[in-house]
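Chemist: what's the 3D shape of this:
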Amino acid sequence: MRIAFFALLPRRVAPALLLAVLATACSNDDATDSSPAAPTRVTFTQAGLYPEGVEYDGTGQRFLVSSQTRGAVGQVKDDGTYTVFADDPALVSTIGLRIDENRRQLLVAVSDPGYNASRTSLPTQRKTAGLAIFNLNSGQRVAYLDLGALRPGQNHFANDIAVDAQNNIYVTDSFSPVIYKVDTQGRTSVFLEDAQLGAPAGAFGLNGIAYHPEGYLLVAKSNEGALFKVPVNNPTAFTKVATSQSLVGADGLLLQDNTTLQVVTNAQAKVYRLTSTDAWGSATVSGTFTTPPQYPTTLARRAGADSYVLYSNLNALQANQSPPVSQFSITRVTF
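Modeler: As a prediction, the model looks like this:
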């Protein structure tokens with residue numbers, strides 16, 4: 001959940017023109033947070049919002065949340081005040097978020113699962129995988145990259161984002177067995193495509209992703225409950241991380257340190273803390289945080305140590321619950 005991305009560019013920009021755009025790597029996880037005291041829980045009210053992604057902006061002292069139903073990205077203060085941070089016609093449904101604190105930019109995974117009635121059109125439903133970039137101060141769009149166009153005949157759902165030490169960006173696709181890459185020149189490509197990473201139609205496959213500073217990605221596969229280790233210099237040599245713990249419903253990932261990974265399992269309503277002593281060849285559970293049955297999705301780090309999990313209530317959305325859920329929470333994780 002880590003990077004420095006594109007310098008501010010015109011609102012409409014072709015990927016080929018995204019030149020000299022990546023700077024020194026920086027992680028929001030390490031951003032300074034000067035707030036006096038971190039709350040145990042932040043609850044905000046927005047009927048039918050159904051956020052999936054969350055990040056914490058220490059400079060702005062706010063959480064940022066996405067929305068599967070509205071598309072707009074919102075900001076949430078500790079007192080529960082919600083306001084729209086960024087909106088744009090390209091944001092059909094917003095999923096994973098990543099902050100580039102160094103350049104004050106926000107990266108947003110964009111999909112179309114069919115929940116945004118005001119923007120969804122049949123040609124794009126389950127066919128959208130995009131990456132949108134916003135100025136973190138103004139909320140203005142910097143760029144939009146159509147990743148799904150790399151595989152036009154497949155279903156798509158851009159889900160989560162990670163960045164490596166060389167400032168390359170990686171985006172998972174839950175409906176195709178694909179991880180996309182955006183290099184330092186803004187060029188898009190398929191980084192890894194393998195049938196082992198696929199899922200049955202309608203099921204979520206690849207999901208959360210995190211970059212490990214020793215040169216590999218850790219990637220969750222929801223339907224299988226598996227975790228994969230993918231070397232950035234040789235992605236086809238990926239391996240499954242051995243563990244006795246079922247991670248079915250694995251969603252967001254947060255690398256706490258080189259040997260510790262937090263994994264949200266939405267259907268299980270748990271956050272697992274995994275520990276590895278062999279460079280993520282295998283992992284064991286060293287802690288479990290149980291959440292309410294409100295479909296926890298992903299994590300944000302605050303003040304360099306505390307992690308917070310988002311209760312998305314997406315299970316209610318998927319069940320077409322009426323009236324829609326109005327209250328959503330971001331809660332500190334304790335093991």
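
Chemist: what helix or strand does E55 sit in?
Modeler: strand 54-57 (DSSP states H and E).

Chemist: test my guess that T275 contacts V263.
Modeler: No: with contact defined as Cβ atoms under 8 Å, T275 does not reach V263; the gap is 11.5 Å. C-beta coordinates here come from the backbone N, C-alpha and C atoms, glycine included.

Chemist: what's the burial count for T45?
Modeler: 12 (other Cβ atoms under 10 Å).

Chemist: sorry, back to before: neighbour count: T275 and V263, which is higher?
Modeler: V263 (28 against 15).

Chemist: check contacts around the most centrally placed residue in the chain.
Modeler: Centroid-nearest residue in the chain: G96, 2.7 Å away (criterion: Cα atoms, centre = their mean). Shown in contact with G96 (Cβ atoms under 8 Å, 6 or more residues apart in numbering): E52, G53, S66, V108, A109, A158, N159, D160, I161, G208, G252, T298.

Chemist: how about a cut-off of 6 Å?
Modeler: Shown in contact with G96 (Cβ atoms under 6 Å, 6 or more residues apart in numbering): G53, A109, N159, D160, I161.

Chemist: what's next to the strand holding E55, contact-wise?
Modeler: N28, F63, L64, V65, L97, I99, T298, A300, R302, L310.

Chemist: equivalent analysis for stretch 204-223, please.
Modeler: Against stretch 204-223 from outside (Cβ under 6 Å, 6+ apart): 159-160, 162, 164, 170, 172, 174, 197-199, 203, 227-232, 249-253, 255.

Chemist: restricted to helices, list the residues you listed.
Modeler: Judged by DSSP state H, helices contain none of the contacts of stretch 204-223.

Chemist: how long is stretch 164-175 from one end to the other?
Modeler: With Cα to Cα, to the nearest Å as the measure, stretch 164-175 spans 23 Å from end to end.

Chemist: what does stretch 289-304 give?
Modeler: 19 Å.

Chemist: thinking again about what came up before, per-residue confidence averaged over the strand holding E55?
Modeler: Averaged over strand 54-57, pLDDT sits at 97.

Chemist: for it, C-alpha coordinates in PDB please.
Modeler: C-alpha atoms of strand 54-57 as PDB (Å, rounded to 0.1, in the frame of the first residue of the first chain):
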ATOM      1  CA  VAL A  54     -10.000   2.300   3.200                       C
ATOM      2  CA  GLU A  55      -6.800   4.300   3.700                       C
ATOM      3  CA  TYR A  56      -5.600   6.700   6.300                       C
ATOM      4  CA  ASP A  57      -4.200  10.100   5.400                       C
END
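
Chemist: partner strands of that strand, parallel or antiparallel?
Modeler: With DSSP bridges as the test, strand 54-57 is paired with strand 62-65 (antiparallel).

Chemist: name the helices or strands packed onto the following helix or strand past the strand it pairs with?
Modeler: Downstream of strand 62-65, the first helix or strand assigned by DSSP H and E is strand 73-76. If contacts are counted by 3 or more Cβ pairs under 6 Å, 6 or more residues apart in numbering; DSSP states H and E, strand 73-76 sits against strand 62-65, strand 82-86.

Chemist: mind saving the C-alpha coords of strand 73-76 as CSV?
Modeler: The C-alpha trace of strand 73-76 is given here as CSV (Å, rounded to 0.1, in the frame of the first residue of the first chain):
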residue,chain,number,x,y,z
VAL,A,73,-14.4,8.5,-2.8
GLY,A,74,-15.3,10.0,0.6
GLN,A,75,-13.3,11.3,3.5
VAL,A,76,-14.2,10.4,7.1
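
Chemist: contacts for it next, please.
Modeler: By Cβ under 6 Å, 6+ apart, strand 73-76 touches F44, R62, F63, L64, V65, S66, Y82, T83, V84, F85, A86, T94.

Chemist: try stretch 316-328
Modeler: With Cβ under 6 Å, 6+ apart, stretch 316-328 has contacts from T43, F44, T45, A47, G48, Y50, N313.

Chemist: just checking, which of those residues belong to strands?
Modeler: Residues of those located in strands (DSSP state E): T43, F44, T45.

Chemist: and which of those is nearest T236?
Modeler: Of all the ones in strands among the contacts of stretch 316-328, T236 sits closest to F44, with 42.9 Å by Cβ to Cβ.

Chemist: against D79, how distant is that closest one?
Modeler: To D79, F44 is 9 Å away according to Cβ to Cβ, to the nearest Å.

Chemist: what number of residues lie near N233?
Modeler: Neighbours around N233, by other Cβ under 10 Å: 8.

Chemist: the strands in the stretch 51-200 of the chain, which residues?
Modeler: 54-57, 62-65, 73-76, 82-86, 93-100, 105-111, 127-128, 130-135, 141-146, 156-163, 169-173, 178-182, 188-193 (DSSP state E, counting those that start in this stretch).
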